[in-house]
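Student: here is the input, now give the coordinates:
(one chain, ligands or ions: 1)
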Amino acid sequence: MPSSPESYDVVIIGGGPAGACAGAILGEYGHRVLIVEREKFPRYHIGESLIPFTFQPLERIGMIPKMKQSAFQKKYSVTFVSPDGKRSQPFYFFNRYDRETVAQTWQVLRSEFDQMMLDNAREKGAQVREETTVNRTLTEGDRVVGVEVTDKSGRTYEIHAKMTLDCSGKEAFTSNRNGWRLKDPYLNKIAVWTYYKDSKRGEGIDEGDTTVCYVPDKGWFWHIPQHRGMTSVGVVAEGKYLTRGGVREPKDIFHREVEENLWLKDRLSIGEPCGEYWITSEYSRHSRYCAAPGLVLVGDAFAFLDPVFSSGVMLALKSGQFVGETVHEGLVAGDLSPARFAEYGAKMRAGVENMRKLVYAFYDPNFSFREVIKRYPEAGGEITDCLSGDVNKDFTPLWNKIREFVPLPDDLPYGEPLGAEAPAPAAR
Ligand SMILES: Cc1cc2nc3c(=O)[nH]c(=O)nc-3n(C[C@H](O)[C@H](O)[C@H](O)COP(=O)(O)OP(=O)(O)OC[C@H]3O[C@@H](n4cnc5c(N)ncnc54)[C@H](O)[C@@H]3O)c2cc1C
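Tutor: Numbering: from 1, shown residues only. I've put the predicted structure just below:
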């Protein structure tokens, strides 16, 4: 153990999109920031379809020119397909937003995108330590004052910091360890996915369309065309449905469901499946608190919503940007009290809750985008706004229309900062 621990302004647990975005902002402001990442990048990660409102945080951290130069597949729309193969009109983002900027987004390979993001954070001044795992947070009284880590050689040591950002993704490091993790009362799905090479895809601006294909029982496929002829295809539904009749192998689950959607079956009728079949049951959850003394939760570590509308990376980037700016202001003011993160928690929660309403509607068998738009043509634009990730708008008019077809959930109570004065489990 070194005699005196290393010391930073900010230590960040995890170098995914949330950690890399916050790290880039804090590094650019000149703060001493260290990102600690368990893996060696490039590493595999699911979450490949970006939505238009990733544009603003990517622009803030200087990533847009790099994205434009990349080979990533351009994406302009989302389309929905019913099991009998009937397609909705594409929801083109440029019907609502500027075609040259926000309305054009990308389908990425996360190993490549996350590497670009982490390198960008380095360029902006953040230090990055890969293959180093955070074991626990360090506390003095009720305040988090850094982390204990172990590197790949097995050396364990302490890193002290004025502020610790938990950007640990689905591991939800501090939320799990502090007993703050809450499940969504209804959304509890599993996902099985793989990749195809050279399968059928659309043409022109429709080549990069995300297609969401319904399976018969409250489930759906994603069809995400990527660069180099690759397509990511995955099915999401309740475990009971996907494993019916005792089918348990991910490969068997996947191929049985492909047979249930005519459009998808046709798309995959040429080309080869390649790589393994992945499975996850990590579904919608959130943290009771967004922050505590010395600690703030960012990206999936704060809240994760069912990925049907591809909101995860947008929320990770948006929260990374918000927290980066707020921590900077706090460092300058010499005040990093949890109350500083109240607006952050409220805004992120409001955005997640808006998206969650549309997710609930989507899973209701009595809901159809087509029917809502037939009765209220202007709802098409409002739905496009939500699908684009413009989630902090007032969507009351849209919810009022949708409530005529299906019930929508009330907002869940969570996401305030844990104040120093509130009685609570000590951060570990
Ligand atoms: C099936 C499925 C499909 C999805 N599809 C989409 C999609 O199409 N579009 C979309 O936008 N989102 C999608 N998502 C969501 C998306 O994957 C996440 O929202 C996004 O990756 C969150 O970014 P993050 O930075 O918060 O976390 P992550 O990207 O998970 O990054 C967290 C990082 O922290 C590191 N880490 C964790 N614990 C430690 C530790 N103890 N010490 C050091 N490092 C640690 C991890 O190695 C990781 O690199 C999908 C998710 C699932 C499950």
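Student: for the nearest residue to R87 once chain neighbours are set aside, name its beta-bridge partners.
Tutor: Closest residue to R87 apart from its sequence neighbours, by CB to CB, 6 or more residues apart in numbering: V81 at 5.0 Å. Any C-beta I mention is one placed from the backbone N, CA and C, and that applies to glycine too. Listed beta-bridge partners, V81: R87, C213 (assigned using DSSP bridges).
Student: how about the nearest residue to K347, chain neighbours excluded?
Tutor: Looking at K347 with CB to CB, 6+ apart, the closest residue is N392, at 6.2 Å.
Student: would you list every one of the strands in the stretch 151-300 of the chain?
Tutor: With DSSP state E, counting those that start in this stretch as the definition, the stretch 151-300 of the chain shows strands at residue ranges 156-166, 181-183, 190-197, 210-215, 219-225, 230-237, 272-280, 285-287, 289-292, 295-297.
Student: may I see the buried residues of the fifth one?
Tutor: Read that as strand 219-225. Buried residues in strand 219-225, defined by neighbour count with 16 or more other CB atoms under 10 Å: G219, W220, F221, W222, H223, I224, P225.
Student: ok, now the third one?
Tutor: Going by neighbour count (16+ other CB under 10 Å), the buried part of strand 190-197 is I190, A191, V192, W193, T194, Y195, Y196.
Student: I'd say the fourth one and L242 touch.
Tutor: So that's W193. No: with the criterion set as CB atoms under 8 Å, W193 and L242 do not qualify as a contacting pair; they are 12.0 Å apart.
Student: returning to that earlier point: might one say that the residue nearest to R87 is in contact with T211?
Tutor: Yes: at 5.8 Å, V81 counts as touching T211 under the criterion of CB under 8 Å.
Student: these two: who's more crowded?
Tutor: Neighbour tally, V81 and T211, criterion other CB atoms under 10 Å: the higher count belongs to T211, 26 against 21.
Student: wait, the more buried one sits on S77?
Tutor: No: distance between T211 and S77: 9.3 Å, which falls outside the contact criterion (CB under 8 Å).
Student: mind showing which ranges of the stretch 51-200 of the chain have poor pLDDT?
Tutor: Counting by pLDDT under 70, the stretch 51-200 of the chain contains no low-confidence range.
Student: next to the ligand, which bits of it? Give me the list.
Tutor: Taking CB under 6 Å from any ligand atom as the criterion, the neighbours of the ligand within the stretch 51-200 of the chain are T133, V134, C167, S168, G169, K170, E171, F173, A191.
Student: what pairs with the first one across the strands?
Tutor: In this entry, T133 is beta-bridged to T150, by DSSP bridges.
Student: how about it, what does it touch?
Tutor: Taking CB atoms under 8 Å, 6 or more residues apart in numbering as the contact definition, T133 lies against V36, R38, V149, T150.
Student: give me the buried entries from these.
Tutor: Restricting the contacts of T133 to buried positions leaves V36, R38, V149, with burial counted as 16+ other CB under 10 Å.
Student: out of those residues, flag the one nearest to the ligand.
Tutor: R38 (3.5 Å; CB to the nearest ligand atom).
Student: that closest one touches R129, doesn't it?
Tutor: No: between R38 and R129 no contact is recorded; they are 10.1 Å apart, counting by CB under 8 Å.
Student: fine, thanks again, bye for now.
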